[in-house]
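Student: I'll drop the sequence and a predicted model, then ask my questions.
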Amino acid sequence: MTDLKTPINPVPVAVFISGNGSNLQALIDYEVQTPSCPYEIAVVVSNKEKAFGLQRAKDADIPTLVVNHKAYETREAFEKKIIDLLTDFSVEAIALAGFMRVLSPFFVHFYAQRILNLHPSLLPLFPGLHAVEQALEAKVTESGCTVHVVDTGVDTGPMVAQARVPVLESDTADTLHERIHQAEHELYPTALSSFCYNILQDD
Ligand code: GRF
């Protein structure tokens with residue numbers, strides 16, 4: 001059995017982004033600050049060459065790959081290219097962190113049970129693109145974020161962890177999303193750690 005106090009070979013993880021990458025930063029910071037972290041970010045993948053998260057990866061000396069989905073005729077061709085490129089990094093798990101492309105069943109099955117997603121609501125409430133706005137419209141008094149295993153649906157896979165935040169009457173989508181972001185930055189690194197720790201135990 002793996003003992004967290006003894007050195008381990010961490011699980012090589014690819015983090016997929018499309019934008020700012022504040023959650024990528026939280027994952028990097030946690031890895032750097034945690035002795036025997038069960039994951040190691042082996043590569044960062046973006047479908048957008050201007051994603052600020054690429055700079056965060058470079059600053060942390062993490063290799064980056066940019067695969068522009070617009071250069072491919074089909075979703076599968078785009079995903080096949082990513083899979084080809086990832087073979088160089090021996091990736092065993094994928095953490096989606098603001099990656100704005102839906103993954104096809106082809107990709108999800110290729111990395112079956114090994115893809116995590118972070119979503120800015122308390123799933124199953126408010127799946128999809130406008131979770132924060134929908135939480136405000138529904139006048140809920142509490143929202144939060146969910147880490148779940150990716151299946152072939154949109155934001156439907158088995159839940160790994162959740163964190164709750166209050167929704168204030170004065171909230172706008174920006175203020176609520178900012179509060180959710182703070183919770184995400186705490187939740188995602190620990191959820192990814194537990195997920196990878198379990199992978200190590202299964203190996
Ligand atoms: C997060 O709110 C996450 O829940 C959603 O996309 C956002 C990404 O933010 N999937 P960032 O790029 O990590 O700052």
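Tutor: Perfect, I can see it now.
Student: which residues does Val91 contact?
Tutor: By Cβ atoms under 8 Å, 6 or more residues apart in numbering, the residues touching Val91 are 12-14, 42-43. C-beta here means a position set from N, CA and C on the backbone, and glycine is covered the same way.
Student: ok, 10 Å please
Tutor: Contact analysis of Val91 by Cβ atoms under 10 Å, 6 or more residues apart in numbering lists 11-15, 41-43, 45, 83, 85, 111, 114.
Student: who does the residue nearest to Pro158 when sequence neighbours are not counted form a beta bridge with?
Tutor: Distances taken as Cβ to Cβ, 6 or more residues apart in numbering put Val149 closest to Pro158, at 4.9 Å, once the chain neighbours are dropped. For Val149, the beta-bridge partners are Leu116 (DSSP bridges).
Student: and the residue in the chain that the ligand sits nearest to, how many neighbours does it have?
Tutor: Closest approach between the chain and the ligand, counting by Cβ to the nearest ligand atom: Gly98, at 2.7 Å. When neighbours are counted by other Cβ atoms under 10 Å, Gly98 registers 21.
Student: swap in Glu92?
Tutor: Glu92, neighbours per other Cβ under 10 Å, totals 18.
Student: that one against Cys196, yeah?
Tutor: Yes - assessed by Cβ atoms under 10 Å, Glu92 is found in contact with Cys196 at 8.1 Å.
Student: show me the common contact partners of those two, please.
Tutor: Joint contacts of Glu92 and Cys196 (Cβ under 10 Å, 6+ apart) are 10-13, 39, 114.
Student: and the chain, which of its residues are near the ligand?
Tutor: Residues of the chain lying close to the ligand (Cβ under 6 Å from any ligand atom) are 19-23, 97-98, 118-120, 145, 181, 184.
Student: so among those residues, which ones count as buried?
Tutor: Neighbour-count burial (16 or more other Cβ atoms under 10 Å) is assigned, among the residues of the chain next to the ligand, to 19, 21-23, 97-98, 118-120, 145, 181, 184.
Student: a markdown table for the residues you listed, including distance to Pro158, secondary structure and pLDDT?
Tutor: Converted to a markdown table, these look like this (distance: Cβ to Cβ, whole Å; DSSP: H, G, I helix; E, B strand; the rest coil; pLDDT from 0 to 100):
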| residue | distance to Pro158 | secondary structure | pLDDT |
| --- | --- | --- | --- |
| Gly19 | 26 | coil | 97 |
| Gly21 | 25 | coil | 98 |
| Ser22 | 25 | helix | 98 |
| Asn23 | 20 | helix | 98 |
| Ala97 | 19 | coil | 98 |
| Gly98 | 21 | coil | 97 |
| Leu118 | 14 | strand | 98 |
| His119 | 13 | strand | 98 |
| Pro120 | 18 | coil | 98 |
| Cys145 | 16 | strand | 98 |
| His181 | 23 | helix | 98 |
| Glu184 | 19 | helix | 98 |
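Student: export the residues you listed to TSV and tack on distance to Thr156?
Tutor: Converted to TSV, these look like this (distance: Cβ to Cβ, whole Å):
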residue	distance to Thr156
Gly19	23
Gly21	25
Ser22	25
Asn23	20
Ala97	18
Gly98	18
Leu118	14
His119	10
Pro120	16
Cys145	16
His181	23
Glu184	19
